[in-house]
Structure formats: C-alpha cells, structure tokens
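Chemist: Fold the following, please.
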Amino acid sequence: MNAAISISKLKKTYPRRWASPPFEALKGISLVIEAGETFGFVGPNGAGKSTTIKILTGVMSPSAGTASLFGVDVSDPESRRGLGYVPENPSLPDYLTPLEILSMGLELHRRKPAGARAHCMKWLERFGLAEVANKVVRGFSKGMAQRTALAHAMAVEPRLLILDEPLSGLDPIGRREVVDILSEYRQQGGTIFLTSHVLHDVERLADRFGLIHKGELRAVRTPGELVGEDERVLVRSAGAAAVLDGMLAEPGGRWVIEVSRTSLWETLRALESAGHSLIEIKPTLSLETAFLNVVKGS
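Modeler: Below you'll find the model as predicted:
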C-alpha cells in the first residue's frame, strides 16, 4: 500500500526584490507518513509548516523535490481525491449557509451518500452547528467559521485530513469536542496531518511528531522516543515535611521534586523512609520542551 504522504528532498525558495538573496522556506525535507497514522507537524511561525501544506494541497509548486499523496504526485489533481483540508484561516463564501457549504463539498468530491441532506446535518450537529445550518455564514464568529470548515472536511468522508491550526479560534470546550471527533476518526483508520500551536492537544492525538525549524526537519519522534531522550523525572508525593533539598510544597500536603533518572531509586527510598506516600512519577520532557529545544538549537 502506498504511503498516505511521501515527501522527498522538498525545497521551496521565494525570490526577493533588489539585491536580497532568495528566501529558502524549505531546505530539502523528506518525510513518509503511513495510512492510518496521525502526524503532528510542529514548529515556530515561519518554520515552513504552511508552505509544506500548500505544496501538498496543490496551492503552490515546489522549487525542487517531490511530494505525493497515496502514490499520486501532488501536481496531479487526482491526488486530492478523498482529501479533507482545513487551512489556518478558512475563507468561506459568506453568502452561503453551513448546509449549502457541506452540500457543495459533497458535489465537488463526487460523494453521493444516501440522504445527502441528513448526512450533512449529522456533521453540522456533531460540530454544534445544527441550529445555524440555514443561516448565512456572514457574521459568524471565528470559532463558528472554524467549526463549519471542519464539518465540511469531515462530511466528504476523507481518507486523509490535512489540518493547518484546526483549533484556531475555538474555546476550550470547542477544542475538546474537535479533538474527540478527530480521535474517533483516527480510531476508524483515518490519516491526519496537522499543525497546531496548542501542543497539548497535538500530544493527545499524534502517533509521531515532526519538529521543523527554519525550513529544516530537525527531528521526527514518537511520544515514547521523546520521553526516552529525557534524563530527568518528576516525583510527586504526600507527606508531613520536605525530605530532600529542592522539594517544592504544593497544596494539600503534597511535595514535588525533579531528579535525574540515576538518582530516582535513591529518592524513592528516602521518601519511603520519611513516611511519604508516592503520588506519581513522570518524565519531565513534553512536546513543548522538545519544541523549545529544537528552536534553541539543542
């Protein structure tokens, strides 16, 4: 089976005016994402995330290298059959209603589910838009417009979702609902390629992370590999008083300390001897930490 996304030595260079040298947005990145995988593409503003997505979706052509979706080069419109795409700032026809937008999406993707109207209404309801299904989107809030774009992407029953900041403009409840819907899609075998600055939500969804900075793919890791690279762990316990230097007090008689992996057992023995009860042990490395390490060049 062909990979869902295959990128090889992809480059994108933007010319500049006057004597300024060309700007390299992508510097030869290579990446393979298998069908059924959820991949989080993480990096600071200007790192090359949106440029990569624009190439994958056929909005622009690369300067060098290749990219394909399910084995079909992205220069071929056929590669986008079965693709659900939500850009960072969806531009919806503001004279249409959410129901009309979803219905139009089915036509464009040549999808003909039984009971097309009911099918569209099901997705509008999932995204909390049933009550405004027949209202024009002009005047919608950023969050409502984002929900409409996401419902449009899901209604076409995509085999691949490409999402550029899909949680932008959503309140905490909306983010949780969208993450739950994407988790369900993932469990059903769908493939997701997403960027987000809400790193906690990316951690919840992604099977692997790609950390990109200044047009270079600096690292591709699974959550387990990220954790395995860390040499420090956080220990939280409950007890009457601090036992070790560096312990910080928390409400409710709890204490927390960060220690190296090599001193973990010694720390646990000291806590046990002092009558502390162990609450949790967890690695201190998170996606946010890895992200900052890449940005700082470590």
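
Chemist: okay, CA-based contacts and neighbour counts for the rest of this
Modeler: Will do.

Chemist: Sketch out the low-pLDDT regions of the stretch 101-250 of the chain for me.
Modeler: Scanning the stretch 101-250 of the chain for pLDDT under 70 picks out the ranges 226-230.

Chemist: the helices in it, which residues?
Modeler: Assigned by DSSP state H, counting those that start in this stretch, the stretch 101-250 of the chain shows helices spanning 116-126, 142-155, 172-187, 199-205, 223-228.

Chemist: which of those is buried the deepest?
Modeler: Compared across these, helix 142-155 shows the largest average neighbour count, a mean of 24 (mean count of other CA atoms under 10 Å).

Chemist: Measure how buried Glu231 is and give me the count.
Modeler: With neighbours defined by other CA atoms under 10 Å, the count for Glu231 comes to 13.

Chemist: Gly253 now?
Modeler: By other CA under 10 Å, 12 other residues sit near Gly253.

Chemist: hang on, isn't it packed against Arg236?
Modeler: No: counting by CA atoms under 8 Å, Arg236 is not a contact partner of Gly253; they are 10.7 Å apart.

Chemist: For the helices of the stretch 101-250 of the chain, could you give me a markdown table that also reports distance to Ser75?
Modeler: Putting those into a markdown table (distance: least, CA to CA, whole Å) gives the following:
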| stretch | distance to Ser75 |
| --- | --- |
| helix 116-126 | 30 |
| helix 142-155 | 21 |
| helix 172-187 | 27 |
| helix 199-205 | 29 |
| helix 223-228 | 33 |
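
Chemist: looking at those helices, which is closest to Pro98?
Modeler: For the helices of the stretch 101-250 of the chain, proximity to Pro98 was assessed by CA to CA; helix 142-155 is nearest, at 6.1 Å.

Chemist: what inclination does the closest one have with respect to helix 172-187?
Modeler: Between helix 142-155 and helix 172-187, the angle comes out at 10 degrees (axes from the mean of the first three to the mean of the last three CA atoms, to 10 degrees).

Chemist: circling back to that earlier point, which stretch among the helices of the stretch 101-250 of the chain approaches Gly215 most closely?
Modeler: helix 199-205 (19.5 Å).

Chemist: which residues are contacting the closest one?
Modeler: Applying CA atoms under 8 Å, 6 or more residues apart in numbering, the external contacts of helix 199-205 come out as 38, 40, 179, 182-183, 195-196, 223, 287-288.
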